[in-house]
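J.: Test case, fold it:
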Amino acid sequence: MAKKEEKTNVMRILEQKKIAYRPHAYPHGEGEAPDGVTVARSLGLDPARVFKTLVTRGAGGGYYVFDIPVADTLDLKKAAKAVGEKSVAMVPSRELLPLTGYVHGGCSPVGMKKPLPTVFHQTALDQETIFVSAGKVGFQVELAPADLMELVRGTTADVTAGAE
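T.: Reported below is the predicted structural model:
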């Protein structure tokens, strides 16, 4: 008997909103999340198509989400400017779960506990499809960037320091 495909909350939300997506699973060690470039390689993908979801806190106390290609580094000055803050800082891993409902390495822009302003790196729209976490380590979803941005009310900006 075939093993039932595991569905994450992200996949359920995409189905409920009738947004086309393709699920992808990748291997990972128990209790550890591989870095995004490793995930891209294990799926045979160009890292420019695989986006990591980063959560920040602004100087004014607001929270912001940035989705950038996995090989890139978030430029905190550009990120702050993109959301109209004086500065932003990464949220510590221990605060991720209570804030977003997701763990480090499984954070998705879709289905957070409460919607947060979300900015995608401007290259997202250059891709036919992009990959983001499906909300659980070991799972990614592939979908059209415009559909994803519409769902999370995302915007785009140049928020990276470039390739590492």
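
J.: how would you label Leu54: helix, strand or coil?
T.: For Leu54, the assignment made with DSSP: H, G, I helix; E, B strand; the rest coil gives strand.

J.: burial count for it?
T.: A count of neighbours around Leu54, defined by other CB atoms under 10 Å, yields 20. Heads up, the C-betas are built off the backbone N, CA and C, glycines and all.

J.: And it, how close does it get to Gly61?
T.: Leu54 sits at a distance of 18 Å from Gly61 (criterion: CB to CB, to the nearest Å).

J.: next one: His104
T.: Counting by CB to CB - His104 and Gly61 are separated by 22 Å.

J.: Give me the more crowded residue out of these two.
T.: More crowded of His104 and Gly61, by other CB under 10 Å: His104, with 14 against 7.

J.: Strands along the protein, start to end?
T.: Using DSSP state E, the strands assigned to the chain run over residues 22-25, 51-58, 63-69, 72-74, 88-90, 118-121, 130-133, 139-143, 155-157, 160-163.

J.: so which of those strands gets nearest Gly44?
T.: Closest approach to Gly44 among those is made by strand 22-25 (10.0 Å; CB to CB).

J.: just checking, what packs against that closest one?
T.: Helices and strands touching strand 22-25, by 3 or more CB pairs under 8 Å, 6 or more residues apart in numbering; DSSP states H and E, are strand 139-143.

J.: In the strand it packs on, which residues are buried?
T.: Phe139, Gln140, Val141, Glu142, Leu143 (16 or more other CB atoms under 10 Å).
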